[in-house]
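Asks: after the sequence you'll find the predicted model.
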Amino acid sequence: GAPSPQNPAISSVIRKKLMGYVGFANLPNQVHRKSVRKGFQFTAMVVGESGLGKSTLINTLFNTTLYPPKEPLHPSAERPKTVAIESIGADIEENGVRLHLTVVDTPGFGDFVNNDDSWKPIVENIESRFDSYLEQENRVNRLKVVDNRVHACLYFIQPTGHSLKQIDIEFMRRLHTKVNLIPVIAKADTMTDEEIANFKQRILSDIQHHNIHIFQAPTYENEDEETIAEAEEIASKIPFAIVGSNKFVGTPDGRKVRGRAYPWGVVEVDNEEHCDFVKLRQMLVRTYMEELREYTNDVLYENWRTEKLVSMGVAQDSTVFKEINPAARLQEERVMHEAKLAKMEAEMKMVFQQKVQEKEAKLKQSEEELYARHKEMKEALEKQRNDLEDKKRKIESGRPITPEKNATGRRKGFLRT
Ligand code: GDP
């Protein structure tokens, strides 16, 4: 039916050709300008045993000294016994684009005799960041939402040349549904090209065997060949074999490059023939930073949120109804519908609770203010009364000294009858 003012529920979409330039084609630029002005928030996490070059790589990636050079731990020094979570923030700017970068380090990971639970504090940290985001989303005033969620996790694999260790698999298995995992082979300059190629194969088959999801550069339908080729090129390098260094060294042919000098030659950080640093930087910073942020928001966070809300409502187990028969399907649909309702209800409950809490806090505050005012007034009155009493006492005790009397013999200031 045609749309009519009487019945606004009926509507249809009509394609129209514009007669002249209207201007909303500039929307992308407007959105772009706005986000450029507001700046971007990006949080990267680094995980791996100490000494694998995590801080060096971060410094190399962002071309700053976010991390000062570490003093090597003395062998006899007391080592911490748990994984710590430390974050460093930096505001960096490049060609007018502001980036608030946070790097979350996890010192202690994999450094103990027993590393069974090394992943635990890290999962908790990632989830508590989701929690804080959810809490902000539910706030009535959503003007300033701070996105502290971890958008990418660089996992450093020791360059052993064997295969993944138990701790590597355990970590990735626990984390891959919560964060964009980017595995890297640390200190790749300690291995030959052939060793690296074999090591990569083994790592990939371990990852596949354990159904671990690694972040992949997304490709969309209708994407141009160049973009697809670039994504494939990057994907083919995973896990990235990395060399980090912030120091400039001289090459035999007289160039100054970021790299590591050895008696047999120089390993160049920014040379794609030498290592995958350039590809990693492309993945993390130059090409897919926004995709990492989007995937975190649209998939990882969304799944976590749904799970959380459903677990607050009714726990559903739809696998029971997997057999394909109409009754079971209907049942499954009903269950799913109920789960959806439960989710909505839980969400509403949460918003409601939030609002009630805010209201209660406000009431409590005004109650306190009232009480404070009441107290103040009471004290003021009390003081006045005391002053008056004082005056009265003074006047009374002063009677013999100032026997000023009027004609009727009464003291001045007292009521006449
Ligand atoms: P973190 O404990 O993981 O943060 O490791 P650091 O970044 O502090 O590095 C530990 C040591 O390894 C330092 O002496 C670095 O110079 C060195 N290092 C860092 N990256 C590399 C690398 O890619 N190759 C080699 N051979 N050494 C590296």
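Replies: Received it, and whenever you're ready, just let me know what you need.
Asks: where in the stretch 301-417 of the chain is pLDDT low?
Replies: 313-326, 328, 399-417 (pLDDT under 70).
Asks: likewise the stretch 51-200 of the chain?
Replies: Where the stretch 51-200 of the chain drops into low confidence, which here means pLDDT under 70, it does so at 70-81, 142.
Asks: show me what from it comes close to the ligand.
Replies: Contact residues, the stretch 51-200 of the chain versus the ligand (Cβ under 6 Å from any ligand atom): Gly51, Leu52, Gly53, Lys54, Ser55, Thr56, Lys70, Lys187, Asp189, Thr190. (C-beta placed from N, C-alpha, C; glycine too.)
Asks: who's in contact with the first one?
Replies: Under the criterion of Cβ atoms under 8 Å, 6 or more residues apart in numbering, Gly51 has no contact partners.
Asks: quick check, it in a strand?
Replies: No. Counting by DSSP: H, G, I helix; E, B strand; the rest coil, Gly51 is not found in a strand; it is coil.
Asks: for it, grab phi and psi.
Replies: Dihedral angles of Gly51 (phi, psi; degrees, to the nearest 10) stand at phi 90, psi 0.
Asks: repeat for the second one
Replies: When read as degrees, to the nearest 10, the backbone of Leu52 gives phi -80, psi 0.
Asks: rewinding a little: need the residues of the stretch 51-200 of the chain next to the ligand in TSV (columns: distance to Gln365).
Replies: Compiled in TSV, those are given as follows (distance: Cβ to Cβ, whole Å):
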residue	distance to Gln365
Gly51	51
Leu52	50
Gly53	51
Lys54	45
Ser55	45
Thr56	50
Lys70	47
Lys187	56
Asp189	60
Thr190	61
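Asks: so where do the strands sit in the stretch 1-150 of the chain?
Replies: Counting by DSSP state E, counting those that start in this stretch, residue ranges of the strands within the stretch 1-150 of the chain are 40-47, 86-94, 97-105.
Asks: so how far is Ile185 from the residue of the stretch 51-200 of the chain found nearest the ligand?
Replies: Evaluated by Cβ to the nearest ligand atom, the stretch 51-200 of the chain has Gly53 as its residue closest to the ligand, separated by 2.8 Å. Separation of Gly53 from Ile185 (Cβ to Cβ, to the nearest Å) stands at 11 Å.
Asks: and the residue of the stretch 51-200 of the chain closest to the ligand, how many neighbours does it have?
Replies: By other Cβ atoms under 10 Å, 23 other residues sit near Gly53.
Asks: so who does the residue minimising distance to the centre of the chain touch?
Replies: With distances taken as Cα atoms, centre = their mean, Arg149 lies nearest the centre of the chain, 1.4 Å away. The contact partners of Arg149, taken as Cβ under 8 Å, 6+ apart, are Thr43, Ile126, Arg129, Phe130, Tyr133, Thr296, Asn297, Tyr301.
Asks: max pairwise distance over the residues you listed: which two?
Replies: Of all pairs drawn from those, the greatest distance, 13.8 Å, lies between Ile126 and Asn297 (Cβ to Cβ).
Asks: comparing the two, which residue is more hemmed in?
Replies: Comparing Ile126 with Asn297 by other Cβ under 10 Å, the one with more neighbours is Ile126, at 23 against 14.
Asks: ok, the more buried one touching Asn180?
Replies: No. Counting by Cβ atoms under 8 Å, Asn180 is not a contact partner of Ile126; they are 10.9 Å apart.
Asks: of all the strands of the stretch 1-150 of the chain, which one is nearest Phe199?
Replies: With Cβ to Cβ, the closest approach to Phe199 among those belongs to strand 40-47: 18.6 Å.
Asks: ok so, going back, from the contacts of Arg149, which land in helices?
Replies: With helices defined by DSSP state H, the entries of these inside them are Ile126, Arg129, Phe130, Tyr133.
Asks: now the residue nearest to the third one when sequence neighbours are not counted: which helix or strand?
Replies: Pointing back at Phe130 there. Residue nearest to Phe130 in three dimensions, not counting chain neighbours: Trp304, with 5.2 Å by Cβ to Cβ, 6 or more residues apart in numbering. For Trp304, the enclosing helix or strand under DSSP states H and E is helix 302-312.
Asks: list the buried residues of that helix.
Replies: For helix 302-312, the neighbour count (16 or more other Cβ atoms under 10 Å) marks Trp304, Arg305, Lys308, Leu309, Val310 as buried.
Asks: hang on, the earlier thing: narrow the ones in helices among the contacts of Arg149 to just the buried residues.
Replies: The neighbour-count test (16+ other Cβ under 10 Å) applied to those identifies Ile126, Arg129, Phe130, Tyr133 as buried.
Asks: hmm, Asn297 and the third one touching each other?
Replies: Looking back up the chat, that one is Phe130. No. Taking contact to mean Cβ under 8 Å, the distance of 10.4 Å between Phe130 and Asn297 leaves them out of contact.
Asks: which stretch of helix or strand covers Glu369?
Replies: Short version, using DSSP H and E: Glu369 is in helix 326-397.
Asks: how about the residues of the stretch 251-400 of the chain near the ligand?
Replies: Residues of the stretch 251-400 of the chain lying close to the ligand (Cβ under 6 Å from any ligand atom) are Arg260.
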